[in-house]
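*Asks:* From the sequence below, what's the structure:
(one chain, ligands or ions: 1)
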Amino acid sequence: MSLKIIHYREECIGCNACIESSPSNWKINEKDGKADLIQGKETKKGVFVKEISQLELEENKKAERDCPARIIKVF
Ligand code: SF4
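*Replies:* Below you'll find the predicted structure:
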């Protein structure tokens, strides 16, 4: 069964919490200061999706919990 991250990027406030949880999946975009989901695919405007492995689940669940804008979904 595949696991996914969804990032609703437009509401991102660039707080860095997701990067601290999972630096291999998240980085701050230097142009606009928002987080990018590394290798995420834009499925519709501002919504990025990426499959992750079981090993990456817990750190991204932490990102989901810690995101103050509540714009990360992991399932
Ligand atoms: S934790 Fe949420 S608001 Fe903060 S940088 Fe990551 S996606 Fe943006």
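*Asks:* Starting from Ser2, give me the distance back to Thr31.
*Replies:* Heads up, residue 31 is Lys, not Thr. Distance check for Lys31 against Ser2: by C-beta to C-beta, to the nearest Å, it reads 30 Å. C-beta: built from backbone N, CA, C; applies to glycine.
*Asks:* what do you get for Lys34?
*Replies:* 26 Å.
*Asks:* Which of those two has more residues huddled nearby?
*Replies:* Higher neighbour count among Lys34 and Ser2: Lys34, with 18 against 8, using other C-beta atoms under 10 Å.
*Asks:* what does the chain have sitting close to the ligand?
*Replies:* Residues of the chain found near the ligand (C-beta under 6 Å from any ligand atom) are 12-18, 35, 67-69, 71-72.
*Asks:* Tell me which residues are up against stretch 50-65.
*Replies:* For stretch 50-65, the surrounding residues in contact (C-beta atoms under 8 Å, 6 or more residues apart in numbering) are 2-5, 17-18, 21-22, 24-26, 37-41, 72-74.
*Asks:* what about 7 Å?
*Replies:* 2-5, 17-18, 21-22, 25-26, 37, 39-41, 72-74 (C-beta atoms under 7 Å, 6 or more residues apart in numbering).
*Asks:* which parts of it are buried?
*Replies:* Using 16 or more other C-beta atoms under 10 Å as the test for burial, stretch 50-65 gives Lys50, Ile52, Glu56, Glu59, Asn60, Lys61, Lys62, Ala63, Glu64.
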